[in-house]
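In: this is the structure alone, sequence omitted:
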Ligand SMILES: CC(C)(COP(=O)(O)OP(=O)(O)OC[C@H]1O[C@@H](n2cnc3c(N)ncnc32)[C@H](O)[C@@H]1OP(=O)(O)O)[C@@H](O)C(=O)NCCC(=O)NCCS
């Protein structure tokens with residue numbers, strides 16, 4: 001991993017590209033908070049061993065190198081507290097989606113908002129993307145609040161657009177363009 005691939009957020013937080021060597025630490029966090037995290041995250045049920053976490057990290061690392069997706073672990077003073085990333089990247093149309101999650105004990109301190117703000121700036125300034133979306137299940141109020149704190153615009157509801165634990169759920173679609181971001 002090249003050091004420049006990291007994104008500095010502030011004096012506490014850094015976004016570090018996910019690496020297979022993170023798998024034991026990540027898996028331990030998932031094991032500790034499995035019940036809470038699975039409410040909104042489908043991949044928790046597919047992460048049953050350290051090997052599952054390592055295989056996903058290898059996949060994410062390959063995606064990062066080929067610029068298909070950029071998946072980062074969020075570290076607070078070095079400690080793993082969650083993850084954030086850009087996925088669904090359309091280089092031709094210069095758009096992407098942002099996803100994030102935090103360990104329950106790291107919530108309530110602005111970490112997701114600060115990490116997402118840094119990633120948005122990075123995506124617009126360094127990756128030359130033009131439009132970023134945040135998509136979350138309509139009832140996921142904490143995730144919606146992150147989008148709203150960053151002044152993403154609510155563009156509407158995508159009906160039954162996300163399969164979560166066997167049920168199709170409506171998605172709230174938020175977006176930010178580089179034009180609006182620079183005006184802010
Ligand atoms: C979505 C998720 C990351 C949001 O976490 P969060 O802790 O609510 O969001 P933040 O880290 O931005 O923290 C915001 C809180 O910190 C407070 N805060 C403190 N300092 C802050 C700062 N500098 N900036 C912003 N908020 C700050 C806010 O007032 C807010 O407080 P509240 O919890 O009383 O409303 C988290 O709920 C999660 O991981 N959920 C499960 C996974 C998930 O749903 N992912 C999204 C799928 S679309």
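Out: Arrived safely, thanks for sending. Remember, it's a predicted structure, so these values are computed and weren't measured experimentally.

In: count of residues packed around the residue in the chain positioned nearest to the ligand?
Out: Residue nearest to the ligand within the chain: residue 110 (2.3 Å; Cβ to the nearest ligand atom). (Each C-beta comes from the backbone N, C-alpha and C, glycine too.) Number of residues near residue 110 (other Cβ atoms under 10 Å) recorded here: 13.

In: got it, and residue 52?
Out: 15.

In: and it, what does it touch?
Out: By Cβ atoms under 8 Å, 6 or more residues apart in numbering, the contact list for residue 52 reads 27, 46.

In: any idea of the pLDDT on the residue of the chain closest to the ligand?
Out: pLDDT recorded at residue 110 is 98.

In: tell me which stretches of the protein form strands.
Out: In the chain, the segments counted as strands under DSSP state E are 7-8, 13-17, 70-76, 79-90, 95-102, 131-137, 153-164, 167-177.

In: mind listing what's buried along stretch 47-56?
Out: For stretch 47-56, the neighbour count (16 or more other Cβ atoms under 10 Å) marks 47, 50, 53-54, 56 as buried.

In: can you put the residues you listed in JSON lines and add distance to residue 164 and pLDDT?
Out: Shown next, in JSON lines, are the buried residues of stretch 47-56 (distance: Cβ to Cβ, whole Å; pLDDT from 0 to 100):
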{"residue": "47", "distance to residue 164": "16", "pLDDT": "98"}
{"residue": "50", "distance to residue 164": "25", "pLDDT": "98"}
{"residue": "53", "distance to residue 164": "21", "pLDDT": "98"}
{"residue": "54", "distance to residue 164": "25", "pLDDT": "98"}
{"residue": "56", "distance to residue 164": "19", "pLDDT": "98"}
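
In: alright, that wraps it up for me.
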